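Chemist: Okay, predicted coordinates and the sequence, questions at the end:
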Amino acid sequence: MIQEKKEEVMRLWLLGTGTPDPSLNRASSGYLIQIDDDYIIFDHGFGAYHRLLQLGVPITKITHVFLSHYHFDHIGDLPRLLLTHWDQGAGKVDDLNIYGPQPLQQIIDGCISMDGLFGPDLVARTNAKSSLQVYASRGGDGTRAKPNPKLQQLEKGDIVSEENWTVKVTEGYHQQPYLTPLAFRLEHGGKSIVYSGDSGPKGGLEKFAQSCDVLIHMCHYINGMMDKDEDVMGHIELAQLANNANVKSLVLTHMNEAIFDQPGIKEKVLQEMGEIYKGKIYYGEDLMEIPVI
């Protein structure tokens, strides 16, 4: 259960540190940041929603969702988040603010439009007597509107500004032209968190992440154990990126469980990365809280 810590500027939790591979230990990509009353989600892959419940965060507290790209391990639990936020909010909670690359409208319509996956469900929940009774019992009043999230499609160079925080946007490098992967830099109170989404060593994130307090970056494989792939990041390239960008703390995530979670591998990875990058390295685990100091 999350406990309030008023003295901290930002709080960061890892909801999912795994890959598309099914795992009981590592959910797919998902991250939660709290800034005052704003609860901000970065990606929400399969299992990330369950981790959110384990943290004790009411779904209705989520205010903003940023999506880096549309691989299923980054958006698999998005429909659940969107629908339960609406259902539990019972018309008393503002609709979610959802941001992502093109084609954001198509992705959301595929979930909640009349022709979408949950279209028939929403027709029933907004018309059936029993569903309207549940809606009223949760504080709903009058006719029940369908979910209507506030969507903003993003591209490289965009900036999202709220009252006391901003998110800057750049493009990563991951399976273009089939996807348009984004990376985000969240800034508040003189602190910054950079989330790479999925991006390989060709991504050019060094300047974007320069001197950030926390860099959350995929570490998909161990160099030398598989063919080099410019779409994903190995541990040596990631250490070099963190060193060149002068980041204060590096969070390893999106780790291939079959490779990383084996005896002796954690020690090998941390030792070899530590020879290149001298900042703090967090070997990401689900539900871990990362200090932003």
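Modeler: Looks like it came in fine.

Chemist: For the helix or strand of the chain with the lowest mean pLDDT, C-alpha coordinates in PDB please.
Modeler: Lowest on mean pLDDT, DSSP states H and E among the helices and strands of the chain sits helix 257-260, with a mean of 89. Extracted C-alpha coordinates of helix 257-260, given in PDB (Å, rounded to 0.1, in the frame of the first residue of the first chain):
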ATOM      1  CA  GLU A 257      13.500 -13.100 -18.000                       C
ATOM      2  CA  ALA A 258      15.000 -16.200 -19.700                       C
ATOM      3  CA  ILE A 259      18.300 -14.400 -19.900                       C
ATOM      4  CA  PHE A 260      18.500 -12.000 -17.000                       C
END
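
Chemist: other SSEs contacting that helix?
Modeler: Identification of packing neighbours for helix 257-260 by 3 or more Cβ pairs under 8 Å, 6 or more residues apart in numbering; DSSP states H and E yields helix 265-274. From N, CA and C alone the C-beta is placed, and that goes for glycine too.

Chemist: how about the helix it packs on: buried residues?
Modeler: Of the residues in helix 265-274, 265, 269-270, 273 count as buried by neighbour count, 16 or more other Cβ atoms under 10 Å.

Chemist: give me every residue that touches the spatially closest residue to Lys150 that is not a sequence neighbour.
Modeler: Sequence neighbours aside, Asn97 is the residue nearest to Lys150 in space, at 4.9 Å (criterion: Cβ to Cβ, 6 or more residues apart in numbering). Contact analysis of Asn97 by Cβ atoms under 8 Å, 6 or more residues apart in numbering lists 63-65, 149-150, 152.

Chemist: and Ala242, backbone torsions?
Modeler: phi -60, psi -40 (degrees, to the nearest 10).

Chemist: whoops, I mixed them up, Ile41
Modeler: For Ile41, the backbone dihedrals (degrees, to the nearest 10) come out as phi -100, psi 130.

Chemist: can you count the residues close to it?
Modeler: Residues contacting Ile41 under the criterion other Cβ atoms under 10 Å number 25.

Chemist: For Met233, see how far away it is.
Modeler: Remark: distance between Ile41 and Met233 (Cβ to Cβ, to the nearest Å) = 22 Å.

Chemist: Was I right to think Trp165 contacts Gly190?
Modeler: No: under the criterion of Cβ atoms under 8 Å, Trp165 makes no contact with Gly190, lying 11.3 Å away.

Chemist: who has more neighbours, those two?
Modeler: Trp165 (20 against 7).

Chemist: Reformat the contacts of Asn97 as JSON lines; add pLDDT, distance to Ile33 and neighbour count.
Modeler: Formatted as JSON lines, the contacts of Asn97 follow (pLDDT from 0 to 100; distance: Cβ to Cβ, whole Å; neighbours: other Cβ atoms under 10 Å):
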{"residue": "Thr63", "pLDDT": "98", "distance to Ile33": "11", "neighbour count": "19"}
{"residue": "His64", "pLDDT": "98", "distance to Ile33": "9", "neighbour count": "20"}
{"residue": "Val65", "pLDDT": "98", "distance to Ile33": "11", "neighbour count": "22"}
{"residue": "Pro149", "pLDDT": "98", "distance to Ile33": "19", "neighbour count": "17"}
{"residue": "Lys150", "pLDDT": "98", "distance to Ile33": "19", "neighbour count": "11"}
{"residue": "Gln152", "pLDDT": "98", "distance to Ile33": "18", "neighbour count": "12"}
